[in-house]
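K.L.:
Sequence plus the predicted model coming up.
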Amino acid sequence: MNREEAKIILSALRNGESKLPEGDVAEALRLAGEDESLGKWLEDSRKFDQLVTDRIEEIPVPENLMADILTGIEAESKPTWNRRLMFLTLAAAATIMIGLGLWHQTDAYQHRVVEEFQRDMIDEMEALNSLDFRSDDPQQVSGYLKSRNMLLGMELPDLSKNGDLRGCKILNWKGRSVSLICIRFPDKEGLSTVHIMTMDAGPMKRLKEGEENQLQVKDWSSTAWKSGENIHVIVTKNTGDHVLRDLIPLS
Amino acid sequence: MQPAVIATLVEEHYQNLYRFALSLTRNEMEAADLTQQTYLKLAKKGGQIQDITKAKSWLFTTLRREFYALRKQTDRYTSLEDEEQLETEAPDNVEFEILKKANSAMVMEALNQIPEVYRVPLALFYFEDFSYQEIARILDVKEGTVMSRLYRGKSELRNWLVNNVDSDALPTNIALLQQTPGK
């Protein structure tokens, strides 16, 4: 290594470098230690480095630069957070939707909806004071409902024995049309009215076929079951079980 | 990257990053923009930095790349290799007392006057105490090349200062820098 090569290496070193020199660097330092003029050059070079470093630290930096940088970063990162928040919200919504979808498949959900439907129908019957169409002729009642695109959904019970058909009405449950047929039966306490409602199964379509759902609210009794694409509900007040047994086409 | 970490990196390096940008652009406004741009990139892509101790190198490397990308866009790009031919002999016998008269504005102007091929490694060497190995990594050149450029660059710097430190006819931008209070 000659003096010029040593200078190139030494020029790249920083005064007070902590790393132990090795290889060419160690050799250049050794030369600087032995060669007085090279040693003087190194000393002078380091003084120059220090002077330049000191002067550079005095170079003014715009006063607001730091604030501007931080403000810029904050402004830039805000939409990112919003995007994250949006993503989390969508993810949560998707999870809820999937959860709801799965929940809707469950038996517990199906039974809860049926029970709600039955309760609402009981309320309707408690408040019932008129029918849309009055007739004791099953053909006419059936025709009336069919002409209004209403579901009859089930064969009307055999009324030849002792039943008395009163008529029908169209109800609404959560935006769905419900057909109502009223039949009066003699009972041990006189006459009792049986209300038969039919609606497309819709939200209860996963209800098990042939399974009865019983509900008692005060004096009102209700039985619901699914048959094909329809859900049927019978609501009676103080009616004997034998009447209902005759009406419900389930074993 | 956590906002608190970014804030710390801003606080620790923004001044020297700006000075480095100034050495590249030779324009205060562009230097400030470049510094901001670099930190915005840090905020966006800082998560890619696995080792936080490498954040400083990342900042200077990114700023340099941003500068060249910007310059390419404005068609002002000059190949470093073209400038590499401009080499001068390093003067050994300079009067250090003369150099001591140089103020920060003169040093900055001296840096601005020397070819970029030397100016960039010098800026990294002086501004943020990078070792020649780190400079080699930032500039993506061999360590020997960095040593050579530092040597030639320092010689150029000294020459310019020795020849101009007593000159009354300083460029306008130096006069302006001198009027600006130091940090």
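P.N.:
It's in.

K.L.:
Check the burial of A:Ile234 by counting its neighbours.
P.N.:
22 (other Cβ atoms under 10 Å in any protein chain shown). Any C-beta I mention is one placed from the backbone N, CA and C, and that applies to glycine too.

K.L.:
doesn't A:Ser222 make contact with it?
P.N.:
Yes. Using Cβ atoms under 8 Å, A:Ile234 is in contact with A:Ser222, at 6.7 Å.

K.L.:
Now for those two: what residues contact both?
P.N.:
Among the neighbours of A:Ile234, none is also in contact with A:Ser222 (Cβ atoms under 8 Å, 6 or more residues apart in numbering or on different chains).

K.L.:
shaky segments in chain B?
P.N.:
B:74-96, B:166-183 (pLDDT under 70).

K.L.:
Give me the domain ranges for it.
P.N.:
Split into domains by automatic domain parsing, chain B comes to B:3-73, B:80-179.

K.L.:
Redo those domains as TSV? Include distance to chain A and mean neighbour count.
P.N.:
Listed next are the domains of chain B as TSV, based on distance: least, Cβ to the nearest Cβ, whole Å; neighbours: other Cβ atoms under 10 Å in any protein chain shown:
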stretch	distance to chain A	mean neighbour count
domain B:3-73	4	18
domain B:80-179	4	18
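
K.L.:
As a check, name the ranges of all helices in the stretch 151-251 of chain A.
P.N.:
Ranges of helices within the stretch 151-251 of chain A are A:241-247, based on DSSP state H, counting those that start in this stretch.

K.L.:
What segments of it are strands?
P.N.:
Secondary structure of the stretch 151-251 of chain A (DSSP state E, counting those that start in this stretch): strands at A:164-173, A:176-187, A:190-200, A:213-217, A:220-227, A:230-237.

K.L.:
what's the closest of these to chain B?
P.N.:
Chain B lies closest, by Cβ to the nearest Cβ, to one member of those: strand A:176-187, at 52.1 Å.

K.L.:
Against which helices or strands is that closest one packed?
P.N.:
The criterion is 3 or more Cβ pairs under 8 Å, 6 or more residues apart in numbering or on different chains; DSSP states H and E, and the helices and strands that strand A:176-187 contacts are helix A:138-147, strand A:164-173, strand A:190-200.

K.L.:
Now tabulate these in a markdown table and tack on distance to chain B, mean neighbour count and mean pLDDT.
P.N.:
Output for the helices and strands packed on strand A:176-187, formatted as a markdown table (distance: least, Cβ to the nearest Cβ, whole Å; neighbours: other Cβ atoms under 10 Å in any protein chain shown; pLDDT from 0 to 100):
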| stretch | distance to chain B | mean neighbour count | mean pLDDT |
| --- | --- | --- | --- |
| helix A:138-147 | 66 | 16 | 84 |
| strand A:164-173 | 54 | 17 | 88 |
| strand A:190-200 | 53 | 19 | 83 |
